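*Asks:* got a sequence here, can you build the structure:
(2 chains)
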Amino acid sequence: MSSSNRYDVLMHMLDHIDAQAKPALSDMDREPARWESSMQATCECLTWRGSWSNKDRRQAEDELGETLYAEFPHNSRQALVAAHALLDKGFITQDELSSKMKEVRERFERV
Amino acid sequence: MSRTHDHAPIQESEEISEFEVLETAIRELSISHGLFSAEDHRRFTEWAESIGPAGGSRLVAKAWVDPEFKERLLADGTEACKEVGIDWNNPTGEGTPSDYTFFYVLENTPKVHNVIVCTLCSCYPRPVLGHSPAWYRTPNYRRRMVRRPREVLAEFGLYLPPDVEVRVHDSNQKSRFMVMPMRPEGTEGWSEEQLAAIVTRDTMIGVAVPKVDWTASSAPSEALSSPSRGH
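*Replies:* Modelled structure (predicted):
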């Protein structure tokens, strides 16, 4: 694994989510948010079109979810690990991800 | 386009989740880099959301009329599923991570009643039963089914005689279960299609048993017999 600086864009998200505590057992009693279902579809499409294997991704979710991203809410780890893997594999750069997130945030906040 | 509704608008949080932003960014970057297309994503979502319990119903009905298939189904559930057109590796060729697993079909007998649960989260045999019902994911069901199964089953209207053993099967990351209920009396000579219609989702979870006058598409008022406390 390379320098942790590569994942700064992801780690900085912690600054904005301190109100989102780890889910308790009762939090499992809910429908997945729309973005969670969409994230699942994205992960499946990346497997389908050959960018990675589901087994490797699951393993990465288990390992990184309990270490680097342990402080994040459980339901966010799939997205974090997906971004992490895309950065690792060189499919995207941190600058691209950072600017894309900024663009998306501005789009969503536009009334 | 109508501009009026006779009900209040749906209230949702207007706060935008950082993870919603991250998800959108990952998806749009993947698409712009050619890793997959927006059409791929839409098709996968439509496919995944369209799966229901009909596949499981077909498995059970076929097993009821074909003893050799039943043997194959009980011996290797994942492989036998292919005979009714269900491939657990679809659509990616690898299966979804939570479905890339072993699938076990549990046969009910006059002395054994099976029921499935996931105490840890919401593991469910989605390729054969579709999305799990909301109650299956509740802590109430998950916690109590393993401790007081007869009590929980009674809340679903299923009262089992004391001499019937209740076996609760806890799903996990690598194991998915589905119940094969007993074929009810009065279905002699029925086609597989007729049989499949009475094998509803709940009978394959194990919180109900098939009834000759009841299908999942029936309105509750259409049942011919009134509910009883009998098995």
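*Asks:* pull the number of nearby residues for residue A:32.
*Replies:* The local packing of residue A:32 (other Cβ atoms under 10 Å in any protein chain shown) involves 14 other residues. C-beta: built from backbone N, CA, C; applies to glycine.
*Asks:* if I look at it, how far off is chain B?
*Replies:* According to Cβ to the nearest Cβ, to the nearest Å, residue A:32 stands 10 Å off from chain B.
*Asks:* next, the buried residues of stretch B:52-68.
*Replies:* Taking 16 or more other Cβ atoms under 10 Å in any protein chain shown as the neighbour-count basis, stretch B:52-68 is seen to contain the buried residues B:53-64.
*Asks:* quick one: mean pLDDT for that stretch?
*Replies:* Across stretch B:52-68, the average pLDDT comes to 97.
*Asks:* what are the boundaries of the strands in chain B?
*Replies:* Chain-ordered strands for chain B, with DSSP state E as the definition, fall at B:102-107, B:112-117, B:165-170, B:175-180.
*Asks:* export those strands to JSON lines and tack on mean neighbour count and distance to chain A?
*Replies:* Formatted as JSON lines, the entries for those read as follows, by neighbours: other Cβ atoms under 10 Å in any protein chain shown; distance: least, Cβ to the nearest Cβ, whole Å:
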{"stretch": "strand B:102-107", "mean neighbour count": "19", "distance to chain A": "14"}
{"stretch": "strand B:112-117", "mean neighbour count": "23", "distance to chain A": "13"}
{"stretch": "strand B:165-170", "mean neighbour count": "16", "distance to chain A": "15"}
{"stretch": "strand B:175-180", "mean neighbour count": "24", "distance to chain A": "15"}
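*Asks:* need those in a markdown table with mean pLDDT, can you?
*Replies:* As requested, those are exported to a markdown table (pLDDT from 0 to 100):
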| stretch | mean pLDDT |
| --- | --- |
| strand B:102-107 | 94 |
| strand B:112-117 | 97 |
| strand B:165-170 | 97 |
| strand B:175-180 | 94 |
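*Asks:* can you redo these as TSV with distance to residue B:46?
*Replies:* Compiled in TSV, these are given as follows (distance: least, Cβ to Cβ, whole Å):
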stretch	distance to residue B:46
strand B:102-107	24
strand B:112-117	27
strand B:165-170	31
strand B:175-180	23
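*Asks:* any idea which of those gets closest to residue B:125?
*Replies:* Shortest separation from residue B:125 across the strands of chain B is recorded for strand B:175-180, at 4.1 Å, computed as Cβ to Cβ.
*Asks:* packing partners of the closest one?
*Replies:* Judged by 3 or more Cβ pairs under 8 Å, 6 or more residues apart in numbering or on different chains; DSSP states H and E, the packing partners of strand B:175-180 are helix B:54-65, helix B:67-75, strand B:102-107, strand B:112-117, helix B:201-205.
*Asks:* now residue A:65, nearest residue through space, not along the chain?
*Replies:* In space, not counting the residues next to it along the chain, residue A:65 is nearest to residue A:77; the distance is 4.1 Å by Cβ to Cβ, 6 or more residues apart in numbering or on different chains.
*Asks:* starting at the chain centroid, how far to the helix or strand of chain A with the lowest mean pLDDT?
*Replies:* Among the helices and strands of chain A, helix A:54-65 carries the lowest confidence by mean pLDDT, DSSP states H and E, at a mean of 84. When C-alpha coordinates are averaged (Cα atoms, centre = their mean, to the nearest Å), helix A:54-65 and its chain have centres 12 Å apart.
*Asks:* same check on stretch A:82-101?
*Replies:* Here stretch A:82-101 is found 10 Å from its chain centre; the criterion is Cα atoms, centre = their mean.
*Asks:* check stretch A:96-111 too.
*Replies:* 16 Å.
*Asks:* same check, this time on stretch B:185-195
*Replies:* Centre-to-centre, stretch B:185-195 and its host chain are 22 Å apart (Cα atoms, centre = their mean).
*Asks:* returning to that earlier point: just the buried residues of the helix or strand just after the least confident helix or strand of chain A, please?
*Replies:* Counting by DSSP states H and E, the next helix or strand C-terminal to helix A:54-65 is helix A:77-88. Buried residues in helix A:77-88, defined by neighbour count with 16+ other Cβ under 10 Å: A:77-87.
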